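In: Predicted model and sequence below, questions to follow.
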Amino acid sequence: MKIAVLGGGNGSFAAAGDFALQGHDVRLWRRDADAVVAHRAAGSRLVVKDAKGRHDAQLALVTTDIAEAVRDADLILCPAPAFAQHDIAARLAPHLSDGQVVFLPPATFGSVIFAKAAHDVGNHAAVAFAETGTLPWLTRKHGPFEVAITIRAKRLPVGVFPLKDADRGLDVIGRAFPGVIEACGDALSGALMNAGPIIHPPLIVMNAGPIEHFERWDIHKEGTQASTRRVTDALDAERIAVREGFGYGPPHFPLAHHYAKQGEEWMYGRGSHDRLTDSGDWRERIVLTEHRYMREDLRLGLSFLVSVAELAGVATPLAKSFLALGGTICGEDFGQNGRTLQSFGLGSLDRDGLQAFLREGFR
């Protein structure tokens, strides 16, 4: 397959390297011109480290030209943070063509941002946009051209926008992730599988004191204690109640399965939390007000959950509390400045209208 990977972060490097190792034709697009020049000078290669050792991956192209990167691509994968989606979507929009699939893992309803960007520039190509519940790799960059992959996803619940294009979208994504993709319906269902806004807000807010005190902190190890887990499970129950409020059935991929030693496998499979903390890659310096867990998962992810919960008629007291606490820590009103149905221009739709939009897309 011809695959374009957008972005220069941990997820983008893992995607580009892993796809290249599988034999796909991989083009990596980045906004950082200096980094692209350096990467080309190093031969447009990536070193991928995993449990089996070090692997050298050759990329077909590294470029700052997004049109060049996505031309004739079967799949366009963008694992960039949600706060980068508007900019990347605007750059990509004019260059999409019939039959392509854009996959955002995960996205906080970002699939609709990308679709709307194409619609707004008058590009009406038949493109399927999709999102899932987590990044397909637990991963960290170890150098300018080196990435470590701790875990590859075992199950990815994927929602597609518009839903009428789900079969085509899932077929293309499934060829890139063989045996991993599970259909979960429309884009809102996919967005409500996003684990980040559930696991990360309690970790970063409830550990605010040690985060500010210690130079480096493993938020997933020292920060994941029994009291934090109980809050996380309760917050996840709100997410699941919202899914059920919209009529989405199981599996809901409850976050408790991520930590469980037995039972139903979660997205990353069995024992993933222990492997994550054992890697040491998440012991890092955290700037509380700037970290992605705060700026993406709390500010955008929880505000979106609260917004759609109101339409579903579901109470989300914990989500609202974390929004208020996180906003106070950052000196902002996350409830007003976050991601909502109103910010998508969908605030006037009732439930039937929203579901029709999710099914048919922009007309």
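Out: Here it is on my side, so go on.
In: When you work out contacts or count neighbours from here on, use the C-alpha atoms and nothing else.
Out: Fine.
In: which SS state does the residue nearest the centre of the chain fall under?
Out: Nearest to the geometric centre of the chain sits Pro106, at 1.9 Å (Cα atoms, centre = their mean). State at Pro106, reduced to three classes by DSSP: H, G, I helix; E, B strand; the rest coil: coil.
In: ok, longest helix in this protein?
Out: helix 226-245 (DSSP state H).
In: Tell me which helix or strand in this structure has the weakest average pLDDT.
Out: Using mean pLDDT, DSSP states H and E, helix 272-279 stands out as the lowest-scoring helix or strand of the chain, at a mean of 75.
In: Name every strand pairing with the helix or strand just after that one and say which way it goes.
Out: Next helix or strand after helix 272-279 toward the C-terminus (DSSP states H and E): strand 283-284. Here strand 283-284 has these sheet partners by DSSP bridges: strand 217-218 (antiparallel).
In: So what touches the strand it pairs with?
Out: Applying Cα atoms under 8 Å, 6 or more residues apart in numbering, the contact partners of strand 217-218 are Pro210, Ile211, Thr277, Gly280, Trp282, Arg283, Glu284, Arg285, Ile286.
In: that older thread, what separation do you get for the residue nearest to the centre of the chain and Leu323?
Out: 20 Å (Cα to Cα, to the nearest Å).
In: list the contacts for the residue nearest to the centre of the chain?
Out: Pro106 neighbours (Cα under 8 Å, 6+ apart): Pro79, Glu131, Thr132, Gly133, Thr134, Leu135, Ala191, Asn194.
In: returning to what we had before: tell me which other helices or strands the least confident helix or strand of the chain touches.
Out: strand 146-152, helix 256-259 (3 or more Cα pairs under 8 Å, 6 or more residues apart in numbering; DSSP states H and E).
In: and the angle from that helix to strand 146-152?
Out: 150 degrees (axes from the mean of the first three to the mean of the last three Cα atoms, to 10 degrees).
In: Output helix 272-279 as CSV, restricted to C-alpha atoms.
Out: This file holds the C-alpha atoms of helix 272-279, laid out as CSV (Å, rounded to 0.1, in the frame of the first residue of the first chain):
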residue,chain,number,x,y,z
SER,A,272,0.2,-3.5,28.6
HIS,A,273,0.2,-1.3,31.6
ASP,A,274,3.1,-3.2,33.2
ARG,A,275,5.1,-3.2,30.0
LEU,A,276,4.5,0.6,29.7
THR,A,277,5.9,1.3,33.1
ASP,A,278,8.7,-1.2,32.9
SER,A,279,10.0,0.5,29.8
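In: returning to what we had before: tell me the mean pLDDT over the longest helix of the chain?
Out: Average pLDDT, helix 226-245: 97.
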